[in-house]
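Engineer: need a structure here:
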Amino acid sequence: MDFSMIFFILVGALSVATAVGVVSSRVVVHGALFLLVHFATLAILYVTLNAQFLAAAQVIVYAGGIVILILFVIMLIGSAPLETRAGYRSWVPYAGLALGGLMLAGLGLAIWRVPPTAINPAANAGGVPVVLGIELYAQNIVLVELAAVLLLVALLGALLLARKEGK
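Structural biologist: As a prediction, the model looks like this:
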């Protein structure tokens, strides 16, 4: 095993550890800082995979924009330790699990019917946006659309969890 593989494994392990820190942190500011470190480790992984454009976009858009916006909102509204919500009706978690299973079954069926093609490593060309866009949207459009649906479902779930109970 050479140094580059060991470096990749160590940075990947750090990335997974910070992702766990994001979801398990009880203090919101600590979770946002874990998220910042996670985005930075993802950018490092992109550089090791010879995808410099994705690494730059990761740092500029996510670490430089999204995390700063999250921290700004946290500082505006305050950051008390998170409390668990016990006021759910008894059927809500089961409905969420059923809908999540249905979504995963639909994603699996779509991938099974249209199997993804192998991405040509030479087509990356160092992460040039035009080449990367053509490669993604010409051959892997189903996976891009499935990722968009997954992000939409995550957004709706976050809105449902953040809403206040009716007064």
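Engineer: what separates residue 41 from residue 96, distance-wise?
Structural biologist: Noted for residue 41: a distance of 30 Å to residue 96, by C-beta to C-beta, to the nearest Å. For the C-beta atoms, the positions are set from N, CA and C on the backbone; glycine is no exception.
Engineer: Between those two, point out the one with more neighbours.
Structural biologist: residue 41 (21 against 14; other C-beta atoms under 10 Å).
Engineer: element containing the spatially closest residue to the more buried one that is not a sequence neighbour?
Structural biologist: Counting by C-beta to C-beta, 6 or more residues apart in numbering, residue 41 lies nearest to residue 15, which is 4.0 Å off, once chain neighbours are set aside. Secondary structure assignment for residue 15, by DSSP states H and E: helix 3-24.
Engineer: Now do that helix: distance to the chain's middle.
Structural biologist: On the basis of C-alpha atoms, centre = their mean, to the nearest Å, helix 3-24 sits 14 Å off its chain's mean C-alpha point.
Engineer: Flag every buried residue along it.
Structural biologist: 11, 14, 15, 18, 19, 21, 22 (16 or more other C-beta atoms under 10 Å).
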